[in-house]
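Engineer: Just the structure for this:
(one chain, ligands or ions: 2)
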Amino acid sequence: MSTTERTLILIKPDGVERNLTGEILSRIERKGYTIVELAMTTPDREVLAAHYEEHQGKPFYEPLLEFMSSGPVVAAIVKGDRVIEGIRSLAGTTDPTVAAPGTIRGDLGRDWPGTVQKNLIHASDSTLSADREIEIWFG
Ligand code: RTP
Ligand code: MG
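Structural biologist: Residues are numbered from 1 along each chain as shown. Ligands and ions are numbered 1, 2, ... in the order given. This next block holds a predicted model:
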């Protein structure tokens, strides 16, 4: 049985603004995963509302959409063996303050008072979300 998967990653506006695009993509490539599509865009509300559908109504939803549309993001489709789980692991846990050292968020993420929005990277969390998110960002 093949375990090759595709996942959607976003380098969030804080990552692009801090010139960490190369560093983050490099970590993904060094792990052995392959970037198969790559785009830079400042997402509009419609794309973000679709992407963050599951979080609609939560207290952090509006600030999150505001932040995510505040500047360019890099979107990529990444391919590899068990890549969905693998990149979630590379990214580290949501809050960069407590994300494990060695992870993207743990090594590079900063503590922004009152929020964990600025955590550099998004990565799909299941095959279902990967398919859904790839469709949203790359059609
Ligand atoms: P992601 O979807 O971005 O990979 O991150 P995640 O699974 O680790 O986090 P999730 O719970 O899905 O939340 C999505 C994004 O919303 C922001 N967030 N802010 N309490 C808060 O202020 C809060 N909680 C979540 C983060 O940017 C998070 O990555
Ligand atoms: Mg999530």
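
Engineer: Please determine whether the top helix by length along the chain lies in contact with ligand 1.
Structural biologist: For the chain, the longest helix by residue count, based on DSSP state H, is helix 127-138. No - figure legend: helix 127-138 not in contact with ligand 1 (Cβ under 6 Å from any ligand atom); closest approach 8.5 Å. Every residue, glycine included, has its C-beta placed from N, CA and C.

Engineer: Dihedrals phi and psi, the residue nearest the centre of the chain?
Structural biologist: Nearest to the mean C-alpha position of the chain, by Cα atoms, centre = their mean, lies residue 122 at 1.6 Å. Note on residue 122: its backbone torsions stand at phi -110, psi 140 [degrees, to the nearest 10].

Engineer: And the one 4 residues further on, by the same measure?
Structural biologist: The main-chain torsion angles of residue 126 are listed as degrees, to the nearest 10 and equal phi -160, psi 170.

Engineer: Tell me, how many residues neighbour the closest residue to it other than its chain neighbours?
Structural biologist: The shortest distance from residue 126 to any non-neighbouring residue, by Cβ to Cβ, 6 or more residues apart in numbering, is to residue 84 (6.7 Å). By other Cβ atoms under 10 Å, 20 other residues sit near residue 84.

Engineer: ok, now residue 14?
Structural biologist: The tally of other residues near residue 14 (other Cβ under 10 Å) stands at 22.

Engineer: Residue 117 too?
Structural biologist: Neighbours of residue 117 (other Cβ under 10 Å): 16.

Engineer: ok, for it, nearest residue in space, not its chain neighbours?
Structural biologist: For residue 117, the spatially nearest residue (Cβ to Cβ, 6+ apart) is residue 67, at 4.9 Å.
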